[in-house]
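[1] Based on what follows, work out the 3D shape:
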Amino acid sequence: MNAMTKVSTTERYARAVETSKRVRWKVEEDVIRGRRFDTAHKFLPDGLILADAFTTLSASEKRYVSQIQGRTYANIFGLVERFINAKVLELSHDHWFGDQVALEALVRFSDEELKHQALFRRIDAMIGDVLPKGYRFDIDPNGVARAVLGKSTWAVLGLTLDIELFTQLHYRQSIDPDTELSELFKDVFLFHWKEESQHAILDELEWVRHDAELTAEQRDRAVDEFIELVAAVDGILQSQAKADTAYFATTCGRTIGEDEARAIEAAFLKSYRWQYIHSGAQHPQFGKVLTSLISEQQGRRIQAALDTLH
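    The predicted structure follows:
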């Protein structure tokens, strides 16, 4: 059984390498292609921004919310890919003098994550060219990366798999089917999805591999650190929901009272928690992998923590 498992794992790394070669793309030539963003279109679909939660806004104002959230979406991905890339490079050390196919897979993973960061910096600047001045995203990617990487590898890989899986879910279920979205924005996440699909496979392989080396006590501490990381993500989302609400209120073209501003901020936070926490936590593959690694009691601890984020 061990030999069969080893062969199966090696084959999965090899398939990731082959797919990486096949779907490889360039930012300017393949994704941007000389285009600009058009504010006549939504950037994110209603199902991702939870448009119905913005009960006081008109249809055009909800479209504007989708554009603000689209810029934040690009910035959040640029943020998380900073620590993901650092962790992938660290994990590659384990394969330096071992499975060279696995090493190549992780090196390609790292190269693609660097490219994705460059893509999202480009998208942030391009959206800034067509939206009003005053947008703020003051979260330092390096500071966040240092804080995240201070946690256990188990916890970081759990968060990373969650992120990679919800990326796929968002594209397949919400972004791709929406005919009212900006075609350029859809293409950004089409090409992103093509490579992230392989990253999720590698995240799972590395998480399971690392988990096998832990004692029960180490894993239990790692579960607590995973919960701490989710809480830290929520802190970022609360801060950005406040910033995006302030930006909307000052640039939407009408006066927003205090009560409405509070309702809009709550709607921003609700949508961000769905996008960056709950949609991944509820992904069937994430649940399958997580429950295979932890006890029922540990699962209840994680669920109790998630239940507070509503």
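[2] Give me the phi and psi for Leu119.
    The phi/psi pair for Leu119 (degrees, to the nearest 10) reads phi -60, psi -50.
[3] Now do it against Leu131, distance only.
    Using CB to CB, to the nearest Å, one obtains 18 Å as the distance from Leu119 to Leu131. Every C-beta, even on glycine, is put in place using the N, C-alpha and C of the backbone.
[4] Of those two, give the one with the bigger neighbour count.
    More crowded of Leu119 and Leu131, by other CB atoms under 10 Å: Leu119, with 23 against 19.
[5] for the closest residue to that one other than its chain neighbours, what are its contacts?
    Excluding the flanking residues, the one nearest Leu119 by CB to CB, 6 or more residues apart in numbering is Val27, at 5.0 Å. By CB atoms under 8 Å, 6 or more residues apart in numbering, the contact list for Val27 reads 115, 118-119, 122.
[6] now, which of these sits nearest Asn85?
    Using CB to CB, Lys115 comes nearest to Asn85 of those, at 10.1 Å.
[7] Please name the nearest non-neighbouring residue to the closest one.
    Of all residues not flanking Lys115 in the chain, Val27 sits nearest, at 6.7 Å (CB to CB, 6+ apart).
[8] Can you pull the phi and psi angles for Leu181?
    Main-chain dihedrals, Leu181, degrees, to the nearest 10: phi -80, psi 160.
[9] I am assuming it contacts Leu44, so please confirm or correct that.
    Yes: contact criterion CB atoms under 8 Å: Leu181 and Leu44 qualify, at 7.5 Å.
[10] Just give the nearest non-adjacent residue to His170, would you?
    Leu48 is the one closest to His170 (CB to CB, 6+ apart), at 6.0 Å.
[11] mind checking pLDDT for that neighbour?
    On pLDDT, Leu48 comes in at 95.
[12] Thought Ser271 was touching it, still the case?
    Yes: with contact defined as CB under 8 Å, Leu48 and Ser271 form a contacting pair (7.1 Å).
[13] Common neighbours of the two, please.
    Gln69.
[14] Where does the prediction get shaky in this structure?
    Flagging of the chain using pLDDT under 70 yields the residue ranges 1-7.
[15] Next secondary structure after the lengthiest helix in it?
    Using DSSP state H, we find that the single longest helix of the chain is helix 216-251. Sequence-wise, the next helix or strand downstream of helix 216-251 (DSSP states H and E) is helix 258-273.
[16] how about that next one: buried residues?
    Burial within helix 258-273, assessed by neighbour count using 16 or more other CB atoms under 10 Å, is assigned to 260-261, 263-265, 267-273.
[17] Could you tell me how far Glu217 is located from Gln100?
    Counting by CB to CB, the gap from Glu217 to Gln100 is 33 Å.
[18] Between the two, tell me which one has more neighbours.
    When neighbours are counted by other CB under 10 Å, Glu217 and Gln100 differ, and Gln100 comes out ahead with 11 against 8.
[19] Return the distance of the more buried one relative to Ser92.
    Computed as CB to CB, the Gln100 to Ser92 distance reads 11 Å.
[20] for Val23, same thing?
    Applying CB to CB, the value for Val23 to Ser92 is 21 Å.
[21] More neighbours: which of those two?
    Ser92 (18 against 14).
[22] does the more buried one sit in a helix or strand, and which one?
    helix 59-92.
[23] Can you spell out which helices and strands pack onto that helix?
    For helix 59-92, the elements it packs on are helix 46-49, helix 100-130, helix 141-149, helix 153-170, helix 183-211, helix 216-251, helix 258-273, judged by 3 or more CB pairs under 8 Å, 6 or more residues apart in numbering; DSSP states H and E.
[24] Great, nothing more from me.
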